[in-house]
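A.B. asks: fold the following and give me the result.
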Amino acid sequence: MDPWLSEARDRIAERAGISPAELELDADTEATLLDLARVAAHESGARTNAPLLCYLAGRVADRVHADEIDRLLR
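C.D. replies: Residues are numbered from 1 along each chain as shown. Predicted coordinates:
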């Protein structure tokens, strides 16, 4: 995770009262989310759909792995 994103994660975790480790992105999840964002932006024709799709993926992350969401969209 790059320094900017790490700092944002730390601030969000602090405000939420949780450990930053709970918000850590592993390399596979990071790659999947970036790919989801790319698909949303390019296939929908609206770049604003990229963060919204990633938000939706995050909302179900404890029930459905990001890889499964990626497969459902293809």
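A.B. asks: what mean pLDDT does the host helix or strand of Ala57 get?
C.D. replies: Counting by DSSP states H and E, the element that carries Ala57 is helix 49-59. Averaging pLDDT along helix 49-59 gives 88.
A.B. asks: buried residues in it, which are they?
C.D. replies: Asn49, Ala50, Leu53, Cys54, Ala57 (16 or more other Cβ atoms under 10 Å). Where C-beta positions appear, they are placed from N, C-alpha and C, glycine not excepted.
A.B. asks: try stretch 13-21
C.D. replies: Buried, per 16+ other Cβ under 10 Å, within stretch 13-21: Ala13.
A.B. asks: now it: average pLDDT?
C.D. replies: 96.
A.B. asks: any idea how far it is from the chain center?
C.D. replies: Averaging C-alpha coordinates over stretch 13-21 and over its chain gives two centres that are 17 Å apart (Cα atoms, centre = their mean, to the nearest Å).
A.B. asks: export that stretch to PDB, keeping only CA atoms.
C.D. replies: Provided in PDB are the C-alpha atoms of stretch 13-21 (Å, rounded to 0.1, in the frame of the first residue of the first chain):
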ATOM      1  CA  ALA A  13      -9.100   3.200  11.600                       C
ATOM      2  CA  GLU A  14      -8.400   5.700  14.400                       C
ATOM      3  CA  ARG A  15     -11.800   7.400  13.900                       C
ATOM      4  CA  ALA A  16     -13.600   4.000  13.800                       C
ATOM      5  CA  GLY A  17     -11.800   2.800  16.900                       C
ATOM      6  CA  ILE A  18     -10.300  -0.200  15.200                       C
ATOM      7  CA  SER A  19      -6.800  -1.500  14.500                       C
ATOM      8  CA  PRO A  20      -5.300  -0.400  11.100                       C
ATOM      9  CA  ALA A  21      -4.500  -4.100  10.600                       C
END
